[in-house]
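Novice: next one to model:
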Amino acid sequence: MVWKTIKAGFSLICLAIIFVSCGSAANEDKKPAGGKGDRPPAKVDVFVVTAGILSQDIEMPGSLIPAEETELHTELSGRVTGIYFTEGGNVSQGSLLVKLYDGDLQAQLSKLRVQLKVAQETLARYEALLKISGVSQQEYDLYKLSVNNIQADMNIVQTSIGRTQLRAPFSGRLGLRNISMGAYITPATTISTLRKLNQLKLEFSVPEKYGSSMKPGAQVSFSTENNENIYSARIIATENNISEDNRSLKLRALVNKPDARLIAGSFVKVKIELGQNNEALMIPSQAVIPKARNKEVIVYRNGMASMETVTTGIRDSAKVEITSGLKAGDTVLITGLLTTKPGSKVIINKVINQ
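Specialist: Residues are numbered from 1 along each chain as shown. Modelled structure (predicted):
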């Protein structure tokens, strides 16, 4: 009997423990739900979008190149018999630079000159005989043809002699000499290089989105390291395709009034003026949230956070232009971007004016 009483009491104690545990669990389940609903709105800093003046200038790296530059090669193979230029010296167009051996060609030319003299004397006698019907017209014409053939052969030899001479194709400055007297060279041998000095070109690239605004005739400015002067150049040509490597368009411009301080091969900073926008919408760069396919900003509307897709334009060190998706007067969040969800309540902590 006592055992039954103890057993009944133990059962009641177990039931009481289970009841208390269930009640505590139920209370625990209710607490997070109640706490979550009572979470206060996030306090964020915002920026009010206003229209302003934006000078649409871009700065790109570039390099100076010669207006004309070429490697110097002879047209024929042969032994060098004369070098008539100084390394690094200036030459004028048509100046004789290199002479190859032409003794055999000169001998052929001398032989043809003798043949021509004899043929011309004979032709003169034939002409006198023709006047008195001493020879036929056909005989005279055949001999006259032989004279013309000799003159044609002389022209061929003289042309070959001319090809043994290398002359400067334009005025400029020569580079280093790669040959010596007596060397046997071929048309593949690079004798030196020639650059035109009184004119320079500027070569640079712009991002794809600016390619359509780059027109021949447009002016750009540039500067070099350790030189405070600002120089100008005129765009003369653009590449006919966009580079797949960096999605940019290559341009070439002619430098206006170059001076001696500008050296071909120098690195330059090119500044391009794209005009001025008096109604540009600029917001802090940190307000833009990059996505896989687009860009978004969080807009404050009636105490709630709203996600808006935007299109960006020109950037500077702190701000970015918004070309679509926002309007003047909109308020965008610049803090709390990672924790603020669309549709959640927010409280403005501070209005930032940058």
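Novice: how far is the helix or strand where residue 252 lies from where the chain is centred?
Specialist: Element membership of residue 252 [criterion: DSSP states H and E] is strand 248-255. From the chain centre to the centre of strand 248-255 is a distance of 7 Å (CA atoms, centre = their mean, to the nearest Å).
Novice: mind listing the helices for this structure?
Specialist: 2-37, 103-131, 137-163 (DSSP state H).
Novice: which stretch in those helices has the least confidence?
Specialist: Lowest mean pLDDT within the helices of the chain: helix 2-37, a mean of 48.
Novice: mind listing what residue 171 touches?
Specialist: Neighbouring residues of residue 171 by CB atoms under 8 Å, 6 or more residues apart in numbering: 90-93, 196, 198. Where you see a C-beta, it was placed from the backbone N, CA and C, and this is true even at glycine.
Novice: now with 7 Å, please.
Specialist: Neighbour list for residue 171: 91-93 [criterion: CB atoms under 7 Å, 6 or more residues apart in numbering].
Novice: from residue 198, how far off is it?
Specialist: For residue 171, the distance to residue 198 (CB to CB, to the nearest Å) stands at 8 Å.
Novice: my guess is residue 48 contacts residue 331, does it?
Specialist: Yes: the pair residue 48 / residue 331 is scored as a contact, 5.3 Å apart, by CB atoms under 7 Å.
Novice: which stretches of this protein have low pLDDT?
Specialist: 1-39, 275, 354 (pLDDT under 70).
Novice: which parts of it belong to which domain?
Specialist: Domain assignment for the chain by automatic domain parsing gives 42-56+278-351, 59-67+198-276, 70-194.
Novice: chain center to the second one: distance?
Specialist: Spelled out, it's domain 59-67+198-276. In terms of CA atoms, centre = their mean, the centre of domain 59-67+198-276 is found 9 Å from the chain centre.
Novice: got the contact list for residue 299?
Specialist: Residues counted as contacts of residue 299 (CB under 7 Å, 6+ apart) are 306, 308, 330-332.
Novice: just curious, which of those is nearest to residue 288?
Specialist: residue 332 (9.0 Å; CB to CB).
Novice: count of neighbours near the closest one?
Specialist: In terms of burial, residue 332 registers 21 neighbours under the definition other CB atoms under 10 Å.
Novice: check the gap between it and residue 324 for me.
Specialist: 14 Å.
Novice: also residue 164?
Specialist: 69 Å.
Novice: what's the answer for residue 127, then?
Specialist: Applying CB to CB to residue 127 and residue 324 gives a distance of 91 Å.
Novice: what is the burial count for residue 301?
Specialist: Residue 301 has 12 nearby residues by other CB under 10 Å.
Novice: ok, now which ones touch the residue positioned nearest the centre of the chain?
Specialist: Closest residue to the average C-alpha location of the chain: residue 205 at 2.7 Å, with CA atoms, centre = their mean. By CB under 7 Å, 6+ apart, the contact list for residue 205 reads 60, 248-251.
Novice: now, which of the residues you listed sits nearest residue 114?
Specialist: residue 250 (59.5 Å).
Novice: for the closest one, list each beta-bridge partner.
Specialist: Assessed by DSSP bridges, residue 250 has beta-bridge partners residue 205.
Novice: okay, now it: neighbour count?
Specialist: Look at residue 250: counted by other CB under 10 Å, it has 17 neighbours.
Novice: and the closest residue to residue 94 other than its chain neighbours, how far is that from residue 98?
Specialist: Of all residues not flanking residue 94 in the chain, residue 167 sits nearest, at 5.4 Å (CB to CB, 6 or more residues apart in numbering). According to CB to CB, residue 167 and residue 98 sit 9 Å apart.
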